[in-house]
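Undergrad: For reference, the sequence and a predicted model appear below.
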Amino acid sequence: MVSKFTFPYTFPLAHGALLGNRMLMILMLGSFSLFHGLKVVSEVTQTHGVATNETHNVVNDLPRIAVMISGIYFEQAMRTTHGNIIDYMGGGDDDSYDQNEKRTPQGPRPWDTFKEHVVRPLKRDFQERVDIFVCTNKIVGDAPGEITAAFTINSTGSTPQSHGISKEQFDRAQACFSKVAGFGRKYSYFMKVRPDFVFLTDIEDYSELRRDCMHSRFQRAWNIDGFRRCQSQLINRHCTSCNGQYSKARAFGPAQFGWIVDDMVFVAPFEIAKSVFMTGEEIQQLSNVRISKRSRWIGKNDLNMSTEGIYTNALVLNKVPMCPLCINGWPRGSNRDWSEHHAVCPNADAAYPCGRQRASVDEWVEYIKTGRLPGVVQKALDREGYDPRSPYGHGYSPDNPNGRASV
């Protein structure tokens, strides 16, 4: 079934009218922005204790997932494409459908790849327990029968970027999540993807994802045992490197660890969803707080400069564990060069040899929850004389590569 919206159309969609078949999983696609006039109130700000939200009876029920397609209507998109609501949406405020650009986006139609590689596998694994929602500032185009409901999030302006983060992106995500959470159904998982994302392969089975971590591709990663090519969002060299073109000093020098999450595609279990969907203001406030052992965190400069890094910093401070997610694809509307992602890596399921003190995902989840480093990493720090009070040395040097262990 396809429903036709005339423009402008604000009722009843602004109140969450049902559009298609009643599936019980929500897919959330897109980047998010704050619209002035929309009051976004955070329900959870958790910086002490393991991230957890109130529980409902989803453990004993069959798993349900919510998919949220959230983004902004772009006039430029109307000139370059035609079709449904999602075709007229851009993926982000900072890199999609620049009004000064005259180019036509290339590549497959994102909605077609979404139906083939996301909706079909979800319905296979969750049966009909899937809901798909759209959140946008202006509804233009047809509503595909797969869409459960569409929400209009109004805006009278935009919030400027500050310290590398676009607050609008996260405010809109949080507003969309709030609307979906209040839709009247109980979801085990919430999946977010930007609307212009091109999926190259089927997503994996999400019905049994662990419930104590956020699942995402990583833009940077180090010392994670088993970290695969398909779990990397690195723009360049992602088929050969987990962290870009790193130097010999990084490969063989002092122990490092950590990750930078991708905010284009991720899955949040219900138990920690409110801690994942923070407002831009909450994330910005936490950007001034240093995470523990920041000097050892891979891509530490990103933690205070890039949108993904600042978001990662806030997640760590909120004690949200993060687990790598396998996604093959790229954002068609981005102005950056994603050509290396236009095809699946020939070794997409192979693991990177990233770091010499690799620890399991289970151990890294435990670290975020408790602050206890994996044993292999802690031993490496001890050998380096990580404790500045130690009389045996104060860190790595080329003359003493094994720290106090060689003293």
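TA: Thanks, I have it. Residues are numbered from 1 along each chain as shown.
Undergrad: Which element, helix or strand, includes residue 221?
TA: Assigned by DSSP states H and E, residue 221 belongs to strand 214-222.
Undergrad: helices or strands next to that strand in the packing?
TA: The contact analysis (3 or more CB pairs under 8 Å, 6 or more residues apart in numbering; DSSP states H and E) places strand 214-222 against strand 258-269, strand 322-324. To be clear about C-beta, it is placed using only N, CA and C from the backbone, and glycine gets the same treatment.
Undergrad: if we go to 10 Å?
TA: Packing contacts for strand 214-222, counted by 3 or more CB pairs under 10 Å, 6 or more residues apart in numbering; DSSP states H and E, involve strand 189-193, strand 258-269, helix 273-276, helix 307-317, strand 322-324.
Undergrad: Output these as CSV; include the columns mean pLDDT and mean neighbour count.
TA: As requested, the helices and strands packed on strand 214-222 are exported to CSV (pLDDT from 0 to 100; neighbours: other CB atoms under 10 Å):
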stretch, mean pLDDT, mean neighbour count
strand 189-193, 95, 27
strand 258-269, 95, 24
helix 273-276, 97, 25
helix 307-317, 95, 24
strand 322-324, 97, 23
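Undergrad: which one of these lies closest to residue 337?
TA: Within these, the stretch nearest residue 337 is strand 258-269; the backing value is 15.6 Å (CB to CB).
Undergrad: what lines up beside that closest one in the sheet?
TA: strand 189-193 (antiparallel), strand 214-222 (antiparallel) (DSSP bridges).
Undergrad: Tabulate these in TSV, adding columns for distance to residue 298.
TA: Output for those, formatted as TSV (distance: least, CB to CB, whole Å):
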stretch	distance to residue 298
strand 189-193	24
strand 214-222	4
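Undergrad: The ones you listed: which one's closest to residue 346?
TA: strand 214-222 (18.3 Å).
Undergrad: Show me which positions of that closest one end up buried.
TA: Counting neighbours by 16 or more other CB atoms under 10 Å, one finds that the buried residues in strand 214-222 are 214-222.
Undergrad: looking at it, residue 62 is touching residue 188, isn't it?
TA: Yes - in this structure residue 62 lies within contact range of residue 188 using CB atoms under 10 Å: 8.5 Å.
Undergrad: Pick out whichever of these two has more residues nearby.
TA: residue 188 (25 against 11; other CB atoms under 10 Å).
Undergrad: How much space separates the more buried one from residue 133?
TA: Separation of residue 188 from residue 133 (CB to CB, to the nearest Å): 16 Å.
Undergrad: Equivalent analysis for residue 377, please.
TA: Taking CB to CB, one finds residue 377 at 40 Å from residue 133.
Undergrad: So which of those two has more stuff around it?
TA: When neighbours are counted by other CB under 10 Å, residue 377 and residue 133 differ, and residue 133 comes out ahead with 26 against 23.
Undergrad: pretty sure the more buried one is in a strand, no?
TA: Yes - assigned with DSSP: H, G, I helix; E, B strand; the rest coil, residue 133 falls within a strand.
Undergrad: That one against residue 69, yeah?
TA: Yes - between residue 133 and residue 69 there is a contact at 6.7 Å, judged by CB under 10 Å.
Undergrad: Excluding chain neighbours, what is closest to residue 218?
TA: Computed as CB to CB, 6 or more residues apart in numbering, the closest residue to residue 218 that is not its neighbour in sequence is residue 259, at 4.4 Å.
Undergrad: Check what pLDDT residue 235 gets.
TA: You'll see residue 235 listed with a pLDDT of 88.
Undergrad: and it, how many neighbours does it have?
TA: Neighbour tally, residue 235, other CB under 10 Å: 16.
Undergrad: contacting residues for it?
TA: Residue 235 makes contact with 219, 244, 330, 334, 336-341, according to CB atoms under 10 Å, 6 or more residues apart in numbering.
Undergrad: Which residue in the residues you listed has the weakest pLDDT?
TA: Lowest pLDDT among the contacts of residue 235: residue 244, 69.
Undergrad: I'd like the distance between residue 354 and residue 380.
TA: Taking CB to CB, one finds residue 354 at 14 Å from residue 380.
Undergrad: Give me the more crowded residue out of those two.
TA: Between residue 354 and residue 380, residue 380 has the larger neighbour count (other CB under 10 Å), namely 25 against 22.
Undergrad: Wait, a strand at that one?
TA: No - checked against three-state DSSP, residue 380 lies outside a strand; its state is helix.
Undergrad: Quick check: closest non-adjacent residue to it.
TA: Counting by CB to CB, 6+ apart, the residue nearest residue 380 is residue 255, at 3.9 Å.
Undergrad: so that neighbour touches residue 297, yeah?
TA: No - assessed by CB under 10 Å, residue 255 is found out of contact with residue 297, at 11.3 Å.
Undergrad: Overlap of the contact sets of the two?
TA: Common contacts of residue 255 and residue 297 (CB under 10 Å, 6+ apart): residue 222.
Undergrad: where does the stretch 51-200 of the chain have low pLDDT?
TA: 51-60, 76-82, 91-105, 154-165 (pLDDT under 70).
Undergrad: In the stretch 151-300 of the chain, what residue spans correspond to helices?
TA: 167-181, 248-252, 273-276, 280-286 (DSSP state H, counting those that start in this stretch).
Undergrad: just so I know, which of the ones you listed lies nearest residue 362?
TA: Of all these, helix 273-276 sits nearest to residue 362, with 19.7 Å by CB to CB.
Undergrad: Mind exporting the C-alpha coordinates of that closest one to CSV?
TA: Output in CSV follows, covering the C-alpha atoms of helix 273-276 (Å, rounded to 0.1, in the frame of the first residue of the first chain):
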residue,chain,number,x,y,z
ALA,A,273,18.5,3.3,25.1
LYS,A,274,17.9,6.4,27.1
SER,A,275,21.6,6.7,27.9
VAL,A,276,22.4,6.3,24.2
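Undergrad: Which strands and helices lie in contact with that helix?
TA: Partner elements for helix 273-276 (3+ CB pairs under 10 Å, 6+ apart): helix 167-181, strand 189-193, strand 214-222, strand 258-269, helix 307-317.
Undergrad: the inter-axis angle of the second one versus helix 167-181?
TA: Which is strand 189-193. 140 degrees (axes from the mean of the first three to the mean of the last three CA atoms, to 10 degrees).
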